[in-house]
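>>> Okay, here's the prediction I keep looking at, along with the sequence it came from:
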Amino acid sequence: MPILSSSSLDFVSRSPEQTKRLGMRIGALINTGDLICLTGDLGAGKTTFVQGVAQGWGSLDMVSSPTFVLVNQYRRPDGCLLHHLDAYRIDSVLEAEDLDLEQLLMTGALIVEWAERISSALPSDNLTIDLGWVADEQRSLIFTPHGARYEALLEEFRRLTFGG
């Protein structure tokens, strides 16, 4: 278990619905240019979390894991995009760079599953969320902000989710 920084947040979700609700709270706070990096083993709840992010962000599109297409796009009624990248099948940083991540960030928010596989191709400022399996219905989520934008985003998430 990593030692958390004072700006990190550690949470245990007790159900897939709760994991999705946490994603909805994050989704309501993100903007074009924001980068959310998800890490964690298979079955840790990454896609469930992304379903919540897309819903909270305002998309009516169905969310599925983009494992075979690499990038899914979800639209809001106002035309804004949420890009959902699955880096599980990306074999190299060069392959990740071919996806033109900068363009994805310029045209919408970007959420990356298996972000650790391409971390050197991603901007260092991001919100990293490490999801872990605890029990059948329980998942741990460790939110770690990197950069002032994401410290503010996580602080707003804390306020909206836990009050105070």
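Perfect, I can see it now.
>>> Can you tell me what sits against the helix or strand bottoming out on mean pLDDT in the chain?
Ranking every helix and strand in the chain by mean pLDDT, DSSP states H and E puts helix 93-97 at the bottom, with a mean of 77. Contact with helix 93-97 is made by 87, 90, 118, 120-122, as judged by Cβ atoms under 8 Å, 6 or more residues apart in numbering. No exception for glycine: its C-beta is placed from N, CA and C like everyone else's.
>>> from the residues you listed, which has minimum pLDDT?
Across the contacts of helix 93-97, the smallest pLDDT goes to residue 90, namely 85.
>>> tell me which element that residue is part of?
Assigned by DSSP states H and E, residue 90 falls within no helix or strand.
>>> and it, what are its phi and psi?
Note on residue 90: backbone dihedrals following degrees, to the nearest 10 are phi -80, psi 130.
>>> do the one 10 residues further on as well
With angles defined as degrees, to the nearest 10, residue 100 shows backbone torsions of phi 60, psi 60.
>>> Where does pLDDT dip in this structure?
Residue ranges of the chain with pLDDT under 70: 1-4, 66-69, 164.
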